[in-house]
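Next comes the sequence, and after it the predicted model I'd like to discuss.
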Amino acid sequence: MDVFALAEACLSATSVEDKLARSSAAAASIATGDFSTETPVEPQPIAQPGRPSRPRLVPPRKLPQRGLSSVEGRAALVHAVAHIEFNAIDLAWDAIYRFRGMPGEYYLDWAQVAADETRHFQMLSARLAEMGHAYGDFDAHNGLWEMAVKTSGSCLERMALVPRVLEARGLDVTPGMIARLRDVGDLRTIEILDVILAEEVAHVAAGSRWFAWCCAREGVDAQATFAHLVTEYARFVLKPPFNETARRAAGFSEEEMNRLMAQSAA
């Protein structure tokens, strides 16, 4: 079983249904441990993964701000999170497909992440249906995949800037979303976000683990390298509040937390 061919098939799927089915099946197959990473074929240059024709992708500043007092506003929030999870499926499979020569545990980790992200999307999609909507009904942006493109040449940079910056941002903002939803009594959506928040800690932790591994392989200091990459590529993402408990559980050291808070204040 060629792990890279499985990942490529998941990335290339264009319909929601096909991507979810391929992702679940590929993750289950890889979880058995019976896979090969010895393919002689080099990965193709990174490209836009297969996607449905909707949602329409627009710049983040063109996405309307909606309150949560209406079903429409809450559906838009659920859709935004679903879009993040849909992108996260592709990000997990690209982390497998793109970076060759990693230990087998690396591919097991990211296949598990892909399985989780697939399930998260399915939960959110079901919630959208309960609210009278479907994935694609609202516009979305392409920020997560744009960072994947920027980091496509380096596993070290990918681990630093996707799980440890962009996905870690989800750890920071989800508690606030949950509090706002509690104010309007949307307990069903809160149940889903509680599950996602708990499981995303493990995803960011996988990024921390493999970022440290890549730094050790390249003989560079992990904390200094992370601080440099954040300043170079993603300083705009760093703004309080930080979910310090979740970030520490996901592999952020005390020194890193202090540095992040200082960078965000600078």
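Noted; the coordinates are in hand. Residues are numbered from 1 along each chain as shown.

what's the nearest residue to R180 if we skip its chain neighbours?
Of all residues not flanking R180 in the chain, L68 sits nearest, at 5.5 Å (Cβ to Cβ, 6 or more residues apart in numbering). The C-beta positions use only the backbone N, C-alpha and C, and glycine is treated the same way.

Now do the contacts for that neighbour.
Shown in contact with L68 (Cβ atoms under 8 Å, 6 or more residues apart in numbering): 74, 77, 180-181, 183-184, 186.

In ChimeraX, how would I select the buried members of the residues you listed?
Restricted to buried positions by 16 or more other Cβ atoms under 10 Å, the ChimeraX selection for the contacts of L68 reads:
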select :74,77,181,186
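
circling back: dihedrals phi and psi, the residue nearest to R180?
With angles defined as degrees, to the nearest 10, L68 sits at phi -100, psi 10.

which one of the contacts of L68 sits closest to L156?
Distances from L156 to these, taken as Cβ to Cβ, are shortest for L77 (33.4 Å).

okay, the residue nearest to R180: pLDDT?
pLDDT for L68: 96.

for F236, same thing?
Predicted confidence (pLDDT) for F236: 68.

Then the one 10 residues further on?
In this model, A246 is scored at 97, pLDDT.

Kindly report the same for the one 10 residues further on.
Looking at E256, its pLDDT reads 89.

and the end-to-end length of stretch 52-64?
Start-to-end span of stretch 52-64 (Cα to Cα, to the nearest Å) is 22 Å.

Could you list the buried residues of that stretch?
Going by 16+ other Cβ under 10 Å, stretch 52-64 has these buried residues: P55.

burial measure for the spatially closest residue to E254 that is not a sequence neighbour, as a count.
Distances taken as Cβ to Cβ, 6+ apart place R248 nearest to E254, at 7.8 Å, with adjacent residues excluded. R248 has 14 neighbours, counted by other Cβ atoms under 10 Å.

Roughly how far does R248 sit from A27?
Distance, R248 to A27, using Cβ to Cβ, to the nearest Å: 28 Å.

Can you tell me what sits against stretch 235-249?
165-166, 168-169, 171-172, 174-176, 197, 201, 204-205, 230, 254, 257, 260-261, 263-264.

name the element the residue sitting furthest away from the middle of the chain belongs to?
Largest separation from the mean C-alpha position in the chain: P40, at 28.2 Å (Cα atoms, centre = their mean). Using DSSP states H and E, P40 maps to neither a helix nor a strand.

tell me the contacts of it?
Taking Cβ under 8 Å, 6+ apart, one finds nothing in contact with P40.

can you tell me how far it sits from E200?
In terms of Cβ to Cβ, P40 sits 35 Å off from E200.

Doesn't A47 belong to a strand?
No. Per DSSP: H, G, I helix; E, B strand; the rest coil, A47 lies outside any strand segment and is coil.

What count of nearby residues applies to it?
Neighbourhood size, A47 [other Cβ under 10 Å]: 10.

do R158 as well
25.

That one contacts F99, doesn't it?
Yes. Using Cβ atoms under 8 Å, R158 and F99 qualify as a contacting pair, with a distance of 7.1 Å.

Let's see stretch 166-175 as PDB, backbone CA atoms only.
The C-alpha coordinates for stretch 166-175 follow below in PDB (Å, rounded to 0.1, in the frame of the first residue of the first chain):
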ATOM      1  CA  LEU A 166      -2.800  28.600  12.000                       C
ATOM      2  CA  GLU A 167      -4.300  25.600  13.700                       C
ATOM      3  CA  ALA A 168      -3.100  26.700  17.100                       C
ATOM      4  CA  ARG A 169      -5.100  29.900  16.500                       C
ATOM      5  CA  GLY A 170      -8.200  27.700  16.600                       C
ATOM      6  CA  LEU A 171      -7.300  26.700  20.100                       C
ATOM      7  CA  ASP A 172      -7.300  30.400  21.000                       C
ATOM      8  CA  VAL A 173     -10.500  31.600  19.400                       C
ATOM      9  CA  THR A 174     -12.800  28.500  19.900                       C
ATOM     10  CA  PRO A 175     -13.500  29.200  23.600                       C
END
